[in-house]
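Fold the following.
(2 chains)
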2 protein chains.
Amino acid sequence: MGRWQPDARARLQAAALALYGERGYEETTVAEIAERAGLTKRTFFRYFTDKREVLFWGSELLEQQMVAAIEAAPASASALGMIGAALDAAAVRFEEAREFARPRHRIIASSRELQERELIKAASLAAAMTKALRARGLGDPAAALAAWTGMSVMHIAFEQWVDDPNRTPFNQIASDALAQLRDIAATG
Amino acid sequence: MGRWQPDARARLQAAALALYGERGYEETTVAEIAERAGLTKRTFFRYFTDKREVLFWGSELLEQQMVAAIEAAPASASALGMIGAALDAAAVRFEEAREFARPRHRIIASSRELQERELIKAASLAAAMTKALRARGLGDPAAALAAWTGMSVMHIAFEQWVDDPNRTPFNQIASDALAQLRDIAATG
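Predicted coordinates:
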């Protein structure tokens, strides 16, 4: 079992999500996750630092890709245009993990500790986007306003996407929400 | 010492903030806070459930007053107009506690646990404002978008206000930030 396992990470994630859903997050142990995945605890710890990290794996990459999208936006892009580009980058990641997204969302909602962790990750992402928008020439507080507004749109679009029976793509929901935000701002 | 103490709550808050700043939040005990305030531990627990609550006392009232401002806004008010009214209500509370705001902000920034608590309170406030905006006739996701945008403006205005050497009033900073948000949305 010490050898490299194909798809070990995905198998461990699937096993963890299944067990968290069946027994609850608190009650599940790393040993049980490894067993369900047909792997060892040692293999688990090669991929994740602890059972919480299974749920938050990939968030650094998400942040990097959203920041990269802001950096790569055309020179003519507006602040919300750059936010839209970052949300499109997020959409790619979300769609890849669509099957994990719903059970993950439910498990996080069940635990105060996990919710707090999720909010800290969101604040870190907002800070990274603020920095990237500043580097693109936005002043203060415009950079932070645009970044936090983008986080709000992402949060609301995610809630809609994760429970959408029609499986509307995330980038469409997010772009509709951005358009609605423009309307709200225009009439207010 | 069992009798009612004038200003006991404010004395306990001042003592707690001073001690958290001097020794750190983790290292300070309730007994030390009470002693510094010239009161008993029993009196402390009449006002606060624990030493963390000293920092978050008043957040329910803040939420109620922001919701009440949305409810009381004129029928003609736009979504961002209602958010502006809620921010004006917050401004009154913030200015009352201006002397506490800066040390409190620094202490919260020093502790992951306190930051997480602060973010949970913000999420609760956003949910309450979403509900109030829905009751004022906003649809979904417009209500949530407006509420979360309002939270973003509040967060960014607060960061600016709390460290402002010119002591610009919160409601002015918030209203400038709202105006800037309209500009961002109009050009994007």
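
check contacts around the residue nearest to the spatial centre of chain A.
Nearest residue to the geometric centre of chain A (C-alpha atoms, centre = their mean): A:S59, 5.7 Å. A:S59 sits next to A:121, A:125 when contact means C-beta atoms under 8 Å, 6 or more residues apart in numbering or on different chains. The way it works is simple: take the backbone N, C-alpha and C, and place the C-beta from them, glycine included.

ok, A:L19 to A:A146 distance?
40 Å (C-beta to C-beta, to the nearest Å).

the more surrounded of these two?
A:A146 (29 against 21; other C-beta atoms under 10 Å in any protein chain shown).

list the contacts for the closest residue to that one other than its chain neighbours?
Nearest non-adjacent residue to A:A146, counting by C-beta to C-beta, 6 or more residues apart in numbering or on different chains: A:A79, 4.1 Å away. Counting by C-beta under 8 Å, 6+ apart, A:A79 makes contact with A:133, A:138, A:142-143, A:146, B:184, B:187-188.

Same check on A:F48?
A:12, A:54, A:57.

buried stuff in stretch A:10-23?
For stretch A:10-23, the neighbour count (16 or more other C-beta atoms under 10 Å in any protein chain shown) marks A:11-17, A:19-20 as buried.

Name the single longest helix found in chain A.
helix A:112-135 (DSSP state H).

which helices and strands sit right next to that helix?
helix A:53-56, helix A:59-72, helix A:79-96, helix A:98-109, helix A:142-162, helix B:112-135 (3 or more C-beta pairs under 8 Å, 6 or more residues apart in numbering or on different chains; DSSP states H and E).

how much space between the residue nearest to the centre of chain A and chain B?
Separation of A:S59 from chain B (C-beta to the nearest C-beta, to the nearest Å) stands at 15 Å.

With A:E27 instead?
Taken as C-beta to the nearest C-beta, the span from A:E27 to chain B is 22 Å.

Over to that residue: give its phi and psi.
The phi/psi pair for A:E27 (degrees, to the nearest 10) reads phi -80, psi -10.

what's the burial count for it?
Counted with other C-beta under 10 Å, A:E27 comes out at 10.

Repeat that for A:A73.
20.

ok, now A:Q180?
18.

Outside of the host helix or strand of it itself, list whatever touches it.
Using DSSP states H and E, A:Q180 sits in helix A:170-186. Applying C-beta under 8 Å, 6+ apart, the contact partners of helix A:170-186 are A:80, A:83-84, A:87-88, A:90-91, A:94-95, A:149, A:153-154, A:156-158, A:160-161, A:164, B:78-80, B:141-142, B:145-146, B:149, B:181-182, B:184-186, B:188.

among those residues, which ones are buried?
Buried among the contacts of helix A:170-186 by 16+ other C-beta under 10 Å: A:80, A:83-84, A:87-88, A:90-91, A:94, A:149, A:153-154, A:156-158, A:160-161, B:78-80, B:141-142, B:145-146, B:149, B:181-182, B:184-185, B:188.

My guess is A:R36 contacts A:L17. True?
No - under the criterion of C-beta atoms under 8 Å, A:R36 lies out of contact with A:L17, with a separation of 10.2 Å.

could you check the distance from A:A143 over to chain B?
From A:A143 to chain B the distance is 10 Å (C-beta to the nearest C-beta).

Can you give me every residue that contacts that residue?
A:79, A:130-131, A:133-134.

again, only using 6 Å
Contact analysis of A:A143 by C-beta atoms under 6 Å, 6 or more residues apart in numbering or on different chains lists A:130, A:133-134.

which of the helices and strands packed on helix A:112-135 sits most buried?
Most buried of these, by mean neighbour count (mean count of other C-beta atoms under 10 Å in any protein chain shown): helix A:142-162, with a mean of 24.

Report the inter-axis angle for that helix versus helix A:79-96.
30 degrees (axes from the mean of the first three to the mean of the last three C-alpha atoms, to 10 degrees).
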